[in-house]
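>>> Next comes the sequence, and after it the predicted model I'd like to discuss.
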Amino acid sequence: MSDGLAEIWRTGLRNRGFVIGGIITVSFVLLAAIALIWTPYPVEEIVVTRRFQGISSAHWLGTDQFGRDLVSLLMAGAVNSVAVAIVAVGLGVGIGVPLGAIAAARQGWLDEILMRANDFAFAFPALLSAVMITALAGPGAINSIIAIGIFNIPVFARLTRGAALVVWKREFIMAARVAGKGPLRISIEHILPNISSVLIVQVTIQFALAILAEAGLSYLGLGTQPPQPSWGKMLNEAQTLMFLAPQLAIFPGVAIALTVLGLNLFGDGLRDVLDPRLRRER
Amino acid sequence: MNSPNPQPLLQVENLVREYRLPRKSLFGPPVSFRAVNGVSFNVDPGKSFGIVGESGCGKSTLARTVMGLEQPASGRVLLEGQDVFALPARALRSLRRKFQMVFQDPYGSLDPRFKVERIVAEPLEVLLPDLSRAERRERVGATLDSVGLKPADADRYPHEFSGGQRQRVAIARALITEPSLIVADEPVSALDVSVQAQVLNLIMDLQTRQGLTFLFISHDLSVVRHITDEVAVMYAGEIVETGPTHQVFSDPQHSYTRSLIGAVPIPDPRRSRRLKRTAGSAGES
């Protein structure tokens, strides 16, 4: 499928959203990767004498109320965001996709039960249920990951079921049954590869939502706990200092907005690029 | 059916396939539709048996039920004397080696993400898992060769082929387990007329060369006439007439068969006028 990939790459380069979103997404992930091994200053280094510094060559974005370097904090916050999003979306994919695939393969009462349970989970606004779960289970990074992961499950279950049902009606599935394959094998070998592009697009969009949700939870004090840096928590701490040092709120805010925007653009672009029908319209 | 063979390869007895329709009201009785209504026929080994009828008459449902892909409400399908629906799943799987299917749409019946080699070898993977990789590859090459494709085509994807070539791939896939029965559900109706003839010739050639038995389903009378030894005419889920193909076509007994044959466009104007006259007189009598 090498020429297929080349074709996708070529149409991708012509799609502005895909390119801009891709650049933002890649640099965000790269930043997080660098932060794993190096940040300009140690993140937990508190130096009261250099607090509230403005932009300078030593501290590119200044320092916060404890004298911590803002660039280092943002970079470490990116690691936190990526880690939470990966695990949470992974949880959603890992549980939601098999559930949706089973529902599509088995149909009947099992499908009904799974999908009604799904509707139940869907009925609560995602962020609200995350707040509810962390409020019940207690604040913390792990709990916020679980909470975000849980609201990702029905998203992927429903998407997988819908897309899989379409593929199940295709003739090559019947051909696979004639070849003696059972529903499990057909789901793994035929259904999932044929719906992978839909899933990939949804992953990027849920990734953005997960980052937003993590920031929201941390902002409310339900997510990542100090001293671990997180963008949401930075916003929370900057809140009371808005007039004294507005840059402390602006930079994490911009980081969140930019990342979410980038991921959404990337996901939207990816959908257009992978869908041949939309490809022709543009 | 008077046949010299003691046992037909395929016996279909009183097959009924029902579909449940949505209830008219919440507490109304369940409504069902009989797509196949008490169909019986036998196919002798080495013969080609055709089923003709208009679209929606239940031909494809019949084909899928014979293949054990759909559960009948009642009736039996016996392949070499074994009841397909009475067998446990494992035994049915090993029986599948003996009967394979060619589908109507060569664009829909091949997984677009598989290379031809994997598509053709798919039945082997499941039905003959003991074969080594090399043996499998060799068998794919030989089978592709027997349907007029190059062994090198194994490394290509379905979208790189034309419709006729794809249908050859589908036939190769059906042949690879060396089955005794092939059910072909409208195998040429999605193809161009010029390509149709090639694929039909391939099917006839395979039949004589390998002694295959075909259950050939089509709405196209000229195709059925060309390719089958015996034919059954299906109408609204039932077989209305059955017999040797030449006999059914030259002397149709049932009025539906007559109107079906009368509806075939014939390029020769003299023949068409003669047919119209016979159809007219048949209507009067």
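Yes, it's here. Since the model is a prediction, treat every value here as computed from it, not as a measurement. Numbering: from 1, shown residues only, chains lettered A, B, ... in the order given.
>>> mind checking how far the strand or helix carrying A:Leu165 is from the chain centre?
Assessed by DSSP states H and E, A:Leu165 sits inside helix A:141-168. Taking CA atoms, centre = their mean, to the nearest Å, the mean C-alpha location of helix A:141-168 is offset from the chain mean by 12 Å.
>>> and that helix, anywhere near chain B?
No: Helix A:141-168 lies out of reach of chain B by CB under 8 Å from any CB of the partner chain, never closer than 9.6 Å. Glycine gets a C-beta too; all of them are placed from N, C-alpha and C.
>>> After that helix, which helix or strand is next? Please name it.
Going C-terminal from helix A:141-168, and assigning secondary structure by DSSP H and E, you next hit helix A:171-178.
>>> All the helices of the stretch 101-250 of chain A, in order from the start?
For the stretch 101-250 of chain A, the helices defined by DSSP state H, counting those that start in this stretch cover A:108-123, A:126-137, A:141-168, A:171-178, A:183-186, A:192-219, A:231-239, A:247-274.
>>> Please tabulate those in a markdown table, including the columns mean pLDDT.
Shown next, in a markdown table, are the helices of the stretch 101-250 of chain A (pLDDT from 0 to 100):
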| stretch | mean pLDDT |
| --- | --- |
| helix A:108-123 | 87 |
| helix A:126-137 | 82 |
| helix A:141-168 | 90 |
| helix A:171-178 | 92 |
| helix A:183-186 | 93 |
| helix A:192-219 | 90 |
| helix A:231-239 | 88 |
| helix A:247-274 | 89 |
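>>> Surely B:Met234 forms part of a helix?
No: using DSSP: H, G, I helix; E, B strand; the rest coil, the assignment for B:Met234 is strand, not a helix.
>>> Can you verify my assumption that it contacts B:Gly56?
No: the criterion here is CB atoms under 8 Å, and B:Met234 misses it with B:Gly56 at 10.4 Å.
>>> Need the residues that contact stretch B:83-100.
With contacts defined as CB atoms under 8 Å, 6 or more residues apart in numbering or on different chains, stretch B:83-100 is touched by A:178-180, A:182, B:10, B:66-68, B:71-72, B:76-80, B:82, B:123, B:126-128, B:173-175, B:177-183.
>>> Mark which of those residues are buried, thanks.
Taking 16 or more other CB atoms under 10 Å in any protein chain shown as the criterion, what is buried in the contacts of stretch B:83-100 is A:178-180, B:10, B:66-68, B:72, B:77-79, B:123, B:126-128, B:173-175, B:177, B:179-183.
>>> Next one: the strand or helix carrying B:Leu144, is it in contact with chain A?
Applying DSSP H and E as the criterion places B:Leu144 in helix B:133-146. No: with CB under 8 Å from any CB as the criterion, chain A is not reached by helix B:133-146; the gap is at least 13.4 Å.
>>> what's in contact with that helix?
With CB under 8 Å, 6+ apart as the test, helix B:133-146 has contacts from B:116-117, B:120-121, B:124-125, B:131, B:150-151, B:153-154, B:169, B:172, B:175-176, B:206.
>>> Alongside chain A, which residues does chain B contribute?
So chain B meets chain A at B:64, B:67, B:69, B:89, B:93, B:96, B:100-101, B:103-105, B:108-113, B:122-123, B:125-127, B:157, B:170, B:173 (CB under 8 Å from any CB).
>>> Could you rerun that using 6 Å?
B:67, B:69, B:93, B:96, B:101, B:103, B:105, B:108-111, B:113, B:122-123, B:126-127 (CB under 6 Å from any CB of the partner chain).
>>> Looking at those residues, which are in helices?
Residues of the residues of chain B next to chain A located in helices (DSSP state H): B:93, B:122-123, B:126-127.
>>> tell me the two of those residues that are most distant?
B:Arg93 and B:Glu122 (13.3 Å; CB to CB).
>>> who has more neighbours, those two?
Between B:Arg93 and B:Glu122, B:Glu122 has the larger neighbour count (other CB atoms under 10 Å in any protein chain shown), namely 24 against 17.
>>> Find the nearest non-adjacent residue to the more buried one, please.
The shortest distance from B:Glu122 to any non-neighbouring residue, by CB to CB, 6 or more residues apart in numbering or on different chains, is to A:Ala179 (4.7 Å).
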